[in-house]
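Student: what follows is a predicted protein model with its sequence.
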Amino acid sequence: MNETTLTCMEDLYRKVDADVGDLERSHGSRLQCRPGCASCCVDNITVWEVEASFIRHHCREVLSTAPHPVGKCAFLDSCGNCRIYRWRPYVCRTQGLPLHWTEENENGTVVAYRDICPVNDPGQPVETLPEDDCWKIGPVEENLAAFQCESGDGKMKRVGLRELFGSYDSGTLS
């Protein structure tokens, strides 16, 4: 990973963390995510290749160990805590928050959607939350896609988190 991309990723994650912190404060006790809560930490989560490279760059030691058993995220420890929390990917930084996104349906009408982790569902119905009280899916994903295009071969490749453990052989990049 080149230094420019590394710096851009670190800056993006700092901005995401700041925005997430604002939402966490506004939702107060509704958010039940704590160390050891791994409800959202499942297998089959994928990240952009640029994020996978970021994890490879910062987490060589973890990647040289055995992954968590299949069924939960490969990066969990035996207590359900994230072993790469400081370097976790974007999707993990926003898990649990009320989410907002829009999609165009078959009629060409734009429809707004909301969702939240079931652990954090009690409280005001997520469908009635103002848009600004939700994490907006789209803008950060666009930035990550741009970083992916700039740093790779232009392909929009995604990588399963568990696959990262196959990237190392005795602690060295293969």
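Tutor: Good, I have the coordinates. Residues are numbered from 1 along each chain as shown.
Student: quick one: the helices in this protein, in order.
Tutor: With DSSP state H as the criterion, the chain has helices at 3-27, 49-58, 60-63, 90-94, 139-151.
Student: pick out the shakiest of those, pLDDT-wise.
Tutor: Note on the helices of the chain: helix 139-151 shows the lowest mean pLDDT, a mean of 88.
Student: now the helices of the chain in JSON lines, with mean neighbour count and distance to G80?
Tutor: To be clear about C-beta, it is placed using only N, CA and C from the backbone, and glycine gets the same treatment. As requested, the helices of the chain are exported to JSON lines (neighbours: other CB atoms under 10 Å; distance: least, CB to CB, whole Å):
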{"stretch": "helix 3-27", "mean neighbour count": "14", "distance to G80": "20"}
{"stretch": "helix 49-58", "mean neighbour count": "21", "distance to G80": "19"}
{"stretch": "helix 60-63", "mean neighbour count": "16", "distance to G80": "15"}
{"stretch": "helix 90-94", "mean neighbour count": "18", "distance to G80": "13"}
{"stretch": "helix 139-151", "mean neighbour count": "16", "distance to G80": "26"}
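Student: which one of the ones you listed lies nearest to T128?
Tutor: Among these, the nearest to T128 by CB to CB is helix 3-27 (13.7 Å).
Student: from the contact counts, what lies against that closest one?
Tutor: Using 3 or more CB pairs under 8 Å, 6 or more residues apart in numbering; DSSP states H and E, the elements in contact with helix 3-27 are helix 49-58, helix 90-94, strand 135-136, helix 139-151.
Student: out of these, which gets nearest to G36?
Tutor: That would be helix 90-94 among the helices and strands packed on helix 3-27, by CB to CB, at 14.5 Å.
Student: and that closest one, what does it pack onto?
Tutor: Here helix 90-94 touches helix 3-27, helix 139-151, going by 3+ CB pairs under 8 Å, 6+ apart.
Student: run the last query once more with 7 Å
Tutor: Packing partners of helix 90-94 (3 or more CB pairs under 7 Å, 6 or more residues apart in numbering; DSSP states H and E): helix 3-27.
Student: any chance of the helices of the chain in a markdown table, plus distance to S39?
Tutor: Output for the helices of the chain, formatted as a markdown table (distance: least, CB to CB, whole Å):
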| stretch | distance to S39 |
| --- | --- |
| helix 3-27 | 16 |
| helix 49-58 | 21 |
| helix 60-63 | 21 |
| helix 90-94 | 12 |
| helix 139-151 | 22 |
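Student: in contact with the residue nearest to the spatial centre of the chain, which residues?
Tutor: For the chain, the residue nearest the mean C-alpha position is V91 (1.5 Å; CA atoms, centre = their mean). By CB atoms under 7 Å, 6 or more residues apart in numbering, the contact list for V91 reads I45, V47.
Student: between the helices of the chain, which gets nearest to G71?
Tutor: In terms of CB to CB, the element of the helices of the chain nearest to G71 is helix 90-94, at 17.0 Å.
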